[in-house]
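>>> Build me a structure from this.
(2 chains, ligands or ions: 2)
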Amino acid sequence: MPSNTDYLLAIEDLTVSFDGFKAVDELTLYVDKGELRVIIGPNGAGKTTVLDLISGKTRASSGSIRYNNVELTSMREHEIVRAGIGRKFQTPSIYEKLSVYENLEISYPWGRTVFGSLKFTRTKQVIDRIQDVAQQIFLSDMLETQAELLSHGQKQWLEIGMLLVQNPELIMLDEPVAGMTAKEREATAALLEKIAKERSIIIIEHDMDFVAKIADQVTVLHLGKILKQGSMDEVRDDPVVQEVYLGH
Amino acid sequence: MINPINQAESSFGKVLYERLFKNKEGLIAFAILAFVILIIFPTVLSPFRLNLTGKYLCYAFAAVGLVMCWGNAGILCLGQGLFFGAGGYCMAMFLKLEASDPESTAIQSTPGIPDFMDWNQVTELPWFWNPFKSLPLTIALIITLPALLAYILSVFYFKGRVSGVVFAILTQSMVACLWYFIVGNQGYFGGINGITDLKTLKGWDIRTEDAHYLLYYLCCFLLLFCILLSRYILSTRLGRVLIAQRDKEMRVRFSGYNITSFRIFIFCFAAVVSSIGGAMFTLQVGFMSPNLIGIVPSIDMVIFTAVGGRESLLGAVYGALAVNAAKTAFSEAYAAQWLFFYGATFIVIVLYLPKGLAGIYHDHIKKWIGKSMSSSKNNDGETPALVTEEKNAE
Ligand SMILES: Nc1ncnc2c1ncn2[C@@H]1O[C@H](COP(=O)(O)OP(=O)(O)O)[C@@H](O)[C@H]1O
Ligand SMILES: [Mg+2]
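Ligands and ions are numbered 1, 2, ... in the order given. Modelled structure (predicted):
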């Protein structure tokens, strides 16, 4: 049994193998309360798989993931969410057939059982919360718009908004600015900085300029292992990192 | 569009109105269906044709169930006949017991039990027939038995995350099992002949013309009630979660929902609605047999739903009526060609009209109304009414 820690998230000796191929290999990683952690690494490094493991989408072969000292590796997805972890997928994952308002409302952390959602009513509290979030994600004028009509960047924001409505203590974002215009990236950076004040965030990102703008600590992942960890400048100056990653 | 802010402040009646009909258009469409089946059909059709229509409407229950679990929740069930049959057989067993009183079965070697049992050397009423001595218990079973069956048959699959085509095929094998079970247990369920010679319901002769009229109306009211209940469910957050998990299963899981219980719920709901249709079928047709609920009728039910538009509750009713009417008309005149025509229609619908009749209405007729409305400045209430009737007449 791993001992209790003060970390929000303590990943120890985490391994997952797909038919013998170790996508994540003896990974040990700690995230503090209130930290904004960025994970970078070349394609196929295992970044998305780490998020899959934390959120319960993929089962670990061995190792432990402890969140507030609670073991997550045996919990199911919705239990992990209810424990306070929210995630955004690499490709925007929203409900195309529903309106922006309805997309946000589904994430509202009330009545997530069958009978709870039959009884769910739009109280003032719910509506206020959704309008507040809509404003933060720059979509207040589009609450009634069907989600499939949004631009790619707006879809990314909407999914971030869905996480905000859910109000998790730890947010995990998989390439949140992929496919965004330069202007949208800037707005997103500002949004993430604001979000980060109230909670912990793990971001996976490719865009170096964007990472430099927001990161406290950067972890470089390569072949399922940590290659380097430190501030953005330290990481950028490391010759090994340059070779496997930045050199590309 | 519903304004979320207004909805929070509006009265109970208004909330219910919005939940059941969404807007004026929804109310009108519902009213038209009610008008057609409650007023037009009984006045225009001969008693024989009306009884036939009542039979089609029973299939509409199954189609409404499929709209809920397939159209809106993405769970294709190719074995809906199983639940239709559950209701149908419950009702048939009750009626059969009533028709098998000791006086009318005095010539049997064991009087007082259904005739097919006597023919198969069964000498005592099997224990599981006992509940069907009571009408309230039978009605309770028509509701609970399909729900229980649906729960048992789906819980392990949904927990194991079996879905899509694999689940659809499993449901088909389930209905095949039921068919073999009934056929194989001739002494207990009447076998391939089914349960026949049903005569009275609590002494009321269900074979007369008057009874057929009354049962037709009962069937209509129950169908309209099931549609409203389904609409209510779809209007709640549960309805949106169903659509959400149909389109983006993972996203819903990672919003903290346990999808399994939602799937089980809607699958059971669809089963209960179909079962009510099955019970009404037995009452109106006067018998129940395995060939009415096997693989082929189950696939027919999916076709009715696809033709009507798998996401449209009202479309399901029109689909069931249209396909069955066409089937009757064609197979009376050209029995041999019917199957080819039927297959071709289905292929055309799947390929070109994935939203069925409802899609034709929403994508074409409504636009056309919109155009003619803006030119003639009609109020928005009257024109759609006319057009939906045209659609229905097709
Ligand atoms: N479910 C899976 N089954 C088999 N291989 C997988 C699975 N998920 C990921 N992988 C493999 O693991 C490696 C890491 O993938 P991923 O975590 O998506 O990388 P990235 O760092 O680009 O997000 C890849 O080689 C990928 O093919
Ligand atoms: Mg990835």
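>>> Please make it C-alpha for all contacts and neighbour counts, starting now.
Will do.
>>> How much space separates residue B:117 from residue B:180?
Relative to residue B:180, residue B:117 is positioned 18 Å away (Cα to Cα, to the nearest Å).
>>> These two - which one has more neighbours?
In this view residue B:117 and residue B:180 are compared by other Cα atoms under 10 Å in any protein chain shown, and residue B:117 has more residues nearby, 21 against 15.
>>> Go ahead and confirm the more buried one touches residue B:194.
No. In this structure residue B:117 lies outside contact range of residue B:194 using Cα atoms under 8 Å: 11.8 Å.
>>> State the helix or strand in which whatever residue of the stretch 101-250 of chain B ends up closest to ligand 1 lies.
Ligand 1 sits closest to residue B:250 of the stretch 101-250 of chain B, with a gap of 13.9 Å, by Cα to the nearest ligand atom. Per DSSP states H and E: residue B:250 is located in helix B:249-253.
>>> Run through the strands of the stretch 51-200 of chain B in chain order.
Here the stretch 51-200 of chain B has its strands, by DSSP state E, counting those that start in this stretch, at B:200-201.
>>> what residue ranges in it score low on pLDDT?
Counting by pLDDT under 70, not a single residue of the stretch 51-200 of chain B qualifies.
>>> Show me what from it comes close to ligand 1.
By Cα under 6 Å from any ligand atom, no residue of the stretch 51-200 of chain B approaches ligand 1.
>>> Relative to chain A, how far out is the residue of the stretch 101-250 of chain B closest to ligand 1?
8 Å (Cα to the nearest Cα, to the nearest Å).
>>> tell me the pLDDT at that residue?
On pLDDT, residue B:250 comes in at 93.
>>> swap in residue A:122?
88.
>>> helix, strand or coil for it?
The local conformation at residue A:122, judged by DSSP: H, G, I helix; E, B strand; the rest coil, is coil.
>>> cool, residue A:87 as well?
Quick answer, by three-state DSSP: residue A:87 is strand.
>>> what's the burial count for it?
26.
>>> Would you mind confirming that it is in contact with residue A:163?
Yes. The pair residue A:87 / residue A:163 is scored as a contact, 7.1 Å apart, by Cα under 8 Å.
>>> Pull up the overlap in contacts between those two.
Shared contacts of residue A:87 and residue A:163 (Cα atoms under 8 Å, 6 or more residues apart in numbering or on different chains): residue A:171.
>>> what residues are up against residue 142?
Picked chain A for this. Per Cα under 8 Å, 6+ apart, neighbours of residue A:142: residue A:100.
>>> The intended chain is chain B.
Taking Cα under 8 Å, 6+ apart, one finds B:86, B:87, B:90, B:91, B:272, B:275, B:276, B:279 in contact with residue B:142.
>>> Residue A:220 belongs to a strand?
Yes. Assessed by three-state DSSP, residue A:220 belongs to a strand.
>>> For residue B:294, see how far away it is.
59 Å.
>>> Between these two, which has more neighbouring residues?
The residue with more neighbours, out of residue A:220 and residue B:294, is residue B:294; 24 against 21, by other Cα under 10 Å.
>>> How much space separates the more buried one from ligand 1?
According to Cα to the nearest ligand atom, to the nearest Å, residue B:294 and ligand 1 sit 39 Å apart.
>>> give me phi/psi at that residue?
Torsion angles at residue B:294 (phi, psi; degrees, to the nearest 10) stand at phi -80, psi -150.
>>> wait, isn't it in contact with residue B:175?
Yes. With contact defined as Cα under 8 Å, residue B:294 reaches residue B:175; the gap is 6.0 Å.
>>> Run through the residues of chain A sitting next to chain B.
Residues of chain A found near chain B (Cα under 8 Å from any Cα of the partner chain) are A:55, A:77-82, A:86-87, A:93-98, A:102, A:106-107, A:109, A:112-114, A:117-124, A:127, A:144, A:163, A:166.
>>> of the residues you listed, buried ones?
By neighbour count, with 16 or more other Cα atoms under 10 Å in any protein chain shown, the residues of chain A next to chain B hold A:55, A:77-82, A:86-87, A:93-98, A:102, A:106-107, A:109, A:112-114, A:117-118, A:122, A:127, A:144, A:163, A:166 as buried.
>>> Among these, name the ones in strands.
If you go by DSSP state E, those have A:86, A:87 in strands.
>>> Residue of chain B nearest chain A, please.
Closest to chain A within chain B is residue B:256: 4.1 Å, counting by Cα to the nearest Cα.
>>> Please name the bridge partners of the residue nearest the centre of chain A.
By Cα atoms, centre = their mean, chain A has its centre lying nearest to residue A:172, at 1.5 Å. Applying DSSP bridges to residue A:172 gives these bridge partners: residue A:87, residue A:202.
>>> For it, which residues are in contact?
Here residue A:172 is in contact with A:51, A:85, A:86, A:87, A:88, A:201, A:202, A:203 (Cα under 8 Å, 6+ apart).
>>> which of the residues you listed lies closest to ligand 1?
Using Cα to the nearest ligand atom, the contacts of residue A:172 come closest to ligand 1 at residue A:51, 8.1 Å.
>>> Following the chain onward from the helix or strand in which the closest one is found, which element is next?
Element membership for residue A:51, per DSSP H and E: helix A:47-55. Once helix A:47-55 ends, the next helix or strand along the chain (criterion: DSSP H and E) is strand A:62-67.
>>> by contact count, what packs against that following strand?
Where contact means 3 or more Cα pairs under 8 Å, 6 or more residues apart in numbering or on different chains; DSSP states H and E, strand A:62-67 is packed against strand A:9-18.
>>> in the strand it packs on, what counts as buried?
So, applying 16+ other Cα under 10 Å, buried residues of strand A:9-18: A:9, A:10, A:11, A:12, A:14, A:15, A:16.
>>> Kindly state the pLDDT recorded for the fourth one?
Right, the one you point to is residue A:12. 95.
>>> pretty sure it contacts residue A:62?
No. In this structure residue A:12 lies outside contact range of residue A:62 using Cα under 8 Å: 9.4 Å.
>>> low-scoring pLDDT stretches of chain A, where are they?
The low-confidence ranges in chain A, as defined by pLDDT under 70, are A:1-2, A:245-248.
>>> residues from it in reach of ligand 1?
Residues of chain A lying near ligand 1 (Cα under 6 Å from any ligand atom): A:18, A:23, A:43, A:44, A:45, A:46, A:47, A:48, A:49.
>>> any idea how far residue A:52 is from the first one?
Between residue A:18 and residue A:52 the distance, using Cα to Cα, works out to 13 Å.
>>> What of the third one?
Residue A:43 sits at a distance of 16 Å from residue A:52 (criterion: Cα to Cα).
>>> Looking at these two, which one has more neighbours?
Neighbours were counted for residue A:43 and for residue A:52 using other Cα under 10 Å; residue A:52 has more, 17 against 13.
>>> What is the neighbour count of the closest residue to the more buried one other than its chain neighbours?
In this structure, residue A:52 finds its nearest non-sequential neighbour in residue A:58, 5.3 Å apart by Cα to Cα, 6 or more residues apart in numbering or on different chains. For residue A:58, the tally of surrounding residues (other Cα under 10 Å) stands at 15.
>>> Could you measure from residue A:58 over to residue A:148?
28 Å.
>>> Repeat that for residue B:113.
With Cα to Cα as the criterion, residue B:113 and residue A:148 are 61 Å apart.
>>> and what of residue B:205?
Distance from residue B:205 to residue A:148, by Cα to Cα: 56 Å.
>>> Fine, thanks again, bye for now.
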